[in-house]
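Enquirer: sequence and predicted structure are below.
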Amino acid sequence: MAVVFEVSGRMAMFRKPYTTTSSISFAFPPPSAIAGLICAIVGIDHGSDKAAFTASFWSDIKGTRAALALRGPISWLRQAINFTNVKAPKNSPHIQVKHQFVSRPCYRIYVSGGLEDRLRSFLERGCFKYTPFLGVAYALADIKYIGSYQELAVKDDPVQIDTVVPWDRSMELDVLGTGGVYKELVPFRMDEKRQLLESSTVLYPMSPEHRINLKKRGSADVSRCGDDVVAWFPAW
(Lines give C-alpha, C1' and ligand atoms only; values in the text may rest on other atoms or scores of the structure.)
Protein backbone atom coordinates (compact mmCIF):
# COMPACT_ATOMS: atom_id res chain seq x y z
CA MET A 1 0.00 0.00 0.00
CA ALA A 2 1.02 3.62 -0.58
CA VAL A 3 -0.31 6.65 1.27
CA VAL A 4 -0.95 9.77 -0.83
CA PHE A 5 -1.40 13.38 0.30
CA GLU A 6 -1.08 16.88 -1.11
CA VAL A 7 0.77 19.88 0.31
CA SER A 8 0.08 23.43 -0.78
CA GLY A 9 0.55 26.97 0.46
CA ARG A 10 0.89 30.63 -0.40
CA MET A 11 4.60 30.24 -1.07
CA ALA A 12 7.53 27.81 -0.84
CA MET A 13 11.29 28.20 -0.81
CA PHE A 14 13.60 25.18 -1.08
CA ARG A 15 16.96 26.91 -1.26
CA LYS A 16 19.53 25.61 -3.69
CA PRO A 17 22.70 24.94 -1.67
CA TYR A 18 25.09 26.79 -3.98
CA THR A 19 23.24 30.11 -3.55
CA THR A 20 24.45 32.51 -0.86
CA THR A 21 23.31 36.11 -0.59
CA SER A 22 20.48 35.83 -3.11
CA SER A 23 18.54 32.65 -2.32
CA ILE A 24 17.28 30.64 -5.32
CA SER A 25 14.67 27.89 -4.89
CA PHE A 26 14.10 24.46 -6.37
CA ALA A 27 10.72 24.25 -8.11
CA PHE A 28 9.61 21.45 -5.77
CA PRO A 29 10.69 19.92 -2.45
CA PRO A 30 13.72 17.68 -3.01
CA PRO A 31 13.70 14.25 -1.34
CA SER A 32 15.63 15.61 1.65
CA ALA A 33 12.83 18.15 2.28
CA ILE A 34 10.13 15.49 1.79
CA ALA A 35 11.83 13.38 4.47
CA GLY A 36 11.73 16.31 6.90
CA LEU A 37 8.06 17.00 6.10
CA ILE A 38 7.06 13.38 6.73
CA CYS A 39 8.91 13.32 10.05
CA ALA A 40 7.34 16.63 11.10
CA ILE A 41 3.83 15.26 10.50
CA VAL A 42 4.43 12.07 12.50
CA GLY A 43 6.37 13.90 15.24
CA ILE A 44 9.95 12.67 15.00
CA ASP A 45 12.23 15.13 16.81
CA HIS A 46 15.29 16.24 14.82
CA GLY A 47 17.25 17.09 17.98
CA SER A 48 18.34 20.57 16.90
CA ASP A 49 17.59 21.89 20.40
CA LYS A 50 20.90 20.27 21.40
CA ALA A 51 22.88 21.37 18.32
CA ALA A 52 21.58 23.48 15.43
CA PHE A 53 23.05 21.19 12.75
CA THR A 54 21.42 18.02 14.13
CA ALA A 55 18.92 16.03 12.01
CA SER A 56 18.44 12.84 13.99
CA PHE A 57 15.24 11.91 12.10
CA TRP A 58 17.32 10.33 9.32
CA SER A 59 17.77 7.18 11.40
CA ASP A 60 13.97 6.85 11.81
CA ILE A 61 13.04 7.27 8.14
CA LYS A 62 15.19 4.41 6.86
CA GLY A 63 13.21 2.01 4.67
CA THR A 64 10.70 4.70 3.62
CA ARG A 65 10.45 5.65 -0.04
CA ALA A 66 8.67 8.56 -1.67
CA ALA A 67 7.61 10.09 -4.98
CA LEU A 68 6.38 13.56 -5.89
CA ALA A 69 4.13 15.08 -8.56
CA LEU A 70 3.49 18.70 -9.48
CA ARG A 71 -0.20 19.50 -9.04
CA GLY A 72 -0.10 23.19 -9.86
CA PRO A 73 1.78 25.43 -12.30
CA ILE A 74 5.23 26.62 -11.25
CA SER A 75 5.30 30.41 -11.01
CA TRP A 76 7.92 32.49 -9.24
CA LEU A 77 7.76 35.32 -6.75
CA ARG A 78 10.81 37.48 -5.99
CA GLN A 79 10.94 39.48 -2.80
CA ALA A 80 13.51 41.22 -0.60
CA ILE A 81 13.46 40.20 3.07
CA ASN A 82 14.82 42.21 5.98
CA PHE A 83 17.60 40.55 7.98
CA THR A 84 19.66 41.71 10.94
CA ASN A 85 23.02 43.03 9.80
CA VAL A 86 25.45 40.95 11.86
CA LYS A 87 28.56 41.98 9.89
CA ALA A 88 28.34 45.76 10.23
CA PRO A 89 25.41 46.62 12.53
CA LYS A 90 26.84 50.09 13.24
CA ASN A 91 26.49 51.04 9.58
CA SER A 92 22.93 49.74 9.28
CA PRO A 93 20.93 47.55 11.68
CA HIS A 94 19.27 45.67 8.82
CA ILE A 95 20.01 44.47 5.30
CA GLN A 96 17.64 43.38 2.55
CA VAL A 97 18.31 40.02 0.91
CA LYS A 98 16.61 38.97 -2.33
CA HIS A 99 14.73 35.67 -2.26
CA GLN A 100 13.06 33.60 -4.97
CA PHE A 101 9.86 31.81 -3.92
CA VAL A 102 7.51 29.37 -5.61
CA SER A 103 4.14 31.14 -5.70
CA ARG A 104 0.97 29.20 -4.74
CA PRO A 105 2.62 25.75 -4.95
CA CYS A 106 0.79 22.45 -4.84
CA TYR A 107 2.48 19.04 -4.76
CA ARG A 108 1.24 15.47 -4.43
CA ILE A 109 3.44 13.19 -2.31
CA TYR A 110 3.39 9.38 -2.31
CA VAL A 111 4.91 7.40 0.57
CA SER A 112 5.46 3.65 0.84
CA GLY A 113 7.08 1.44 3.49
CA GLY A 114 8.90 2.54 6.64
CA LEU A 115 6.87 5.34 8.25
CA GLU A 116 3.88 4.78 5.95
CA ASP A 117 1.50 3.39 8.62
CA ARG A 118 2.34 6.11 11.15
CA LEU A 119 1.89 8.78 8.49
CA ARG A 120 -1.46 7.35 7.40
CA SER A 121 -2.72 7.48 10.99
CA PHE A 122 -2.00 11.22 11.26
CA LEU A 123 -3.36 12.04 7.81
CA GLU A 124 -6.62 10.16 8.38
CA ARG A 125 -7.18 12.17 11.56
CA GLY A 126 -6.25 15.43 9.82
CA CYS A 127 -3.56 16.29 12.32
CA PHE A 128 0.22 16.59 12.69
CA LYS A 129 2.72 16.73 15.56
CA TYR A 130 5.01 19.52 14.35
CA THR A 131 3.90 22.37 12.09
CA PRO A 132 4.57 21.42 8.43
CA PHE A 133 6.07 24.06 6.17
CA LEU A 134 7.39 24.34 2.63
CA GLY A 135 11.11 24.85 3.00
CA VAL A 136 11.13 27.84 5.38
CA ALA A 137 9.24 28.37 8.62
CA TYR A 138 7.17 31.29 7.31
CA ALA A 139 5.89 29.22 4.33
CA LEU A 140 3.22 27.22 6.14
CA ALA A 141 1.83 24.13 4.41
CA ASP A 142 -1.76 22.96 4.08
CA ILE A 143 -2.08 19.17 4.17
CA LYS A 144 -4.82 17.28 2.30
CA TYR A 145 -5.14 13.52 2.62
CA ILE A 146 -5.89 11.87 -0.74
CA GLY A 147 -6.05 8.20 0.23
CA SER A 148 -4.25 4.88 0.46
CA TYR A 149 -3.73 2.76 -2.65
CA GLN A 150 -2.44 -0.64 -3.58
CA GLU A 151 0.74 -0.40 -5.64
CA LEU A 152 0.30 -2.12 -8.99
CA ALA A 153 3.50 -2.83 -10.91
CA VAL A 154 3.80 -1.25 -14.36
CA LYS A 155 6.21 -3.27 -16.50
CA ASP A 156 5.44 -2.42 -20.12
CA ASP A 157 7.34 0.16 -22.22
CA PRO A 158 6.71 2.85 -23.28
CA VAL A 159 5.24 4.36 -20.12
CA GLN A 160 3.77 7.75 -19.22
CA ILE A 161 4.66 8.95 -15.72
CA ASP A 162 2.79 11.52 -13.63
CA THR A 163 5.61 12.27 -11.16
CA VAL A 164 9.11 13.63 -11.03
CA VAL A 165 11.42 10.93 -12.44
CA PRO A 166 14.74 9.93 -10.84
CA TRP A 167 16.91 9.76 -13.93
CA ASP A 168 19.84 7.65 -15.08
CA ARG A 169 21.40 6.72 -18.41
CA SER A 170 19.53 3.40 -18.64
CA MET A 171 16.33 5.31 -19.49
CA GLU A 172 15.25 6.69 -22.85
CA LEU A 173 13.09 9.82 -22.92
CA ASP A 174 10.50 10.64 -25.58
CA VAL A 175 11.14 14.40 -25.71
CA LEU A 176 8.52 15.24 -28.34
CA GLY A 177 5.84 13.16 -26.62
CA THR A 178 6.65 14.76 -23.27
CA GLY A 179 6.62 18.31 -24.63
CA GLY A 180 9.83 19.34 -22.91
CA VAL A 181 11.30 18.68 -19.48
CA TYR A 182 13.58 20.27 -16.91
CA LYS A 183 16.59 18.45 -15.49
CA GLU A 184 17.79 19.11 -11.95
CA LEU A 185 20.30 17.75 -9.44
CA VAL A 186 18.64 17.57 -6.02
CA PRO A 187 19.78 16.46 -2.54
CA PHE A 188 18.46 12.98 -1.75
CA ARG A 189 19.94 11.81 1.53
CA MET A 190 21.79 13.48 4.43
CA ASP A 191 23.34 12.23 7.63
CA GLU A 192 22.39 13.19 11.18
CA LYS A 193 24.69 16.24 11.02
CA ARG A 194 23.00 17.54 7.84
CA GLN A 195 25.95 16.62 5.65
CA LEU A 196 25.00 15.58 2.14
CA LEU A 197 25.47 11.85 1.49
CA GLU A 198 23.74 11.38 -1.86
CA SER A 199 22.21 13.45 -4.66
CA SER A 200 19.78 12.45 -7.40
CA THR A 201 19.34 13.70 -10.96
CA VAL A 202 15.65 14.14 -11.79
CA LEU A 203 13.43 15.11 -14.70
CA TYR A 204 10.20 17.04 -14.22
CA PRO A 205 7.65 18.36 -16.73
CA MET A 206 7.27 21.96 -17.83
CA SER A 207 3.69 22.00 -16.50
CA PRO A 208 1.50 19.64 -14.44
CA GLU A 209 -0.65 18.98 -17.52
CA HIS A 210 2.26 17.18 -19.17
CA ARG A 211 3.40 13.65 -18.36
CA ILE A 212 6.92 12.34 -18.77
CA ASN A 213 7.01 9.76 -21.57
CA LEU A 214 9.71 7.13 -21.33
CA LYS A 215 10.43 4.96 -24.35
CA LYS A 216 12.48 2.74 -22.04
CA ARG A 217 12.16 2.82 -18.28
CA GLY A 218 15.58 1.28 -17.62
CA SER A 219 16.08 1.05 -13.85
CA ALA A 220 13.05 3.21 -12.98
CA ASP A 221 10.82 1.76 -10.23
CA VAL A 222 7.34 2.45 -11.62
CA SER A 223 3.95 1.51 -10.20
CA ARG A 224 0.34 2.65 -10.41
CA CYS A 225 -1.21 4.25 -7.31
CA GLY A 226 -4.87 4.96 -7.94
CA ASP A 227 -5.05 6.86 -11.23
CA ASP A 228 -1.41 7.99 -11.11
CA VAL A 229 1.66 6.28 -12.56
CA VAL A 230 4.47 6.89 -10.09
CA ALA A 231 8.26 6.73 -10.42
CA TRP A 232 9.70 6.10 -6.94
CA PHE A 233 12.89 7.41 -5.44
CA PRO A 234 14.92 4.63 -3.77
CA ALA A 235 14.16 3.99 -0.11
CA TRP A 236 16.16 6.14 2.29
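Expert: It's in.
Enquirer: ok, now how distant is the residue nearest to T84 when sequence neighbours are not counted from I81?
Expert: Using Cβ to Cβ, 6 or more residues apart in numbering and skipping residues adjacent in sequence, the residue nearest T84 is H94, 6.3 Å away. The C-beta positions use only the backbone N, C-alpha and C, and glycine is treated the same way. Between H94 and I81 the computed distance is 10 Å (Cβ to Cβ, to the nearest Å).
Enquirer: just want to know which of these two has more residues nearby.
Expert: A count of neighbours by other Cβ atoms under 10 Å puts I81 above the other of H94 and I81, at 15 against 11.
Enquirer: hang on, that one packs against Q100?
Expert: No: the criterion here is Cβ atoms under 8 Å, and I81 misses it with Q100 at 11.1 Å.
Enquirer: ok, which stretches of this structure are helices?
Expert: Counting by DSSP state H, the chain has helices at residues 31-42, 116-125, 175-178.
Enquirer: of those helices, flag the one that's most buried.
Expert: Comparing the helices of the chain by mean neighbour count (mean count of other Cβ atoms under 10 Å), helix 31-42 ranks first with a mean of 23.
Enquirer: quick one: low-confidence parts of the chain?
Expert: Applying pLDDT under 70 to the chain picks out residues 21, 49.
Enquirer: grab the nearest non-local neighbour of the residue most central in space within the chain.
Expert: With distances taken as Cα atoms, centre = their mean, the residue of the chain nearest its centroid is P29 (2.7 Å). In space, and not counting its chain neighbours, P29 is closest to F14: 5.4 Å by Cβ to Cβ, 6+ apart.
Enquirer: quick one: neighbours of A139, just the number.
Expert: Counted with other Cβ under 10 Å, residues neighbouring A139 total 19.
Enquirer: next: the one 10 residues further on.
Expert: As a burial measure, the neighbour count of Y149 was computed by other Cβ under 10 Å and equals 19.
Enquirer: was I right to think it contacts M1?
Expert: Yes: at 6.8 Å, Y149 counts as touching M1 under the criterion of Cβ under 8 Å.
Enquirer: any idea how far the closest residue to G177 other than its chain neighbours is from R65?
Expert: Spatially, and ignoring its direct neighbours in sequence, G177 is nearest to N213 (3.9 Å; Cβ to Cβ, 6+ apart). Distance of N213 to R65, computed by Cβ to Cβ: 23 Å.
Enquirer: re the thing from before, contact partners for the residue nearest to P29?
Expert: Residues near F14 by Cβ atoms under 8 Å, 6 or more residues apart in numbering: 25-26, 28-30, 33, 102, 134-135.
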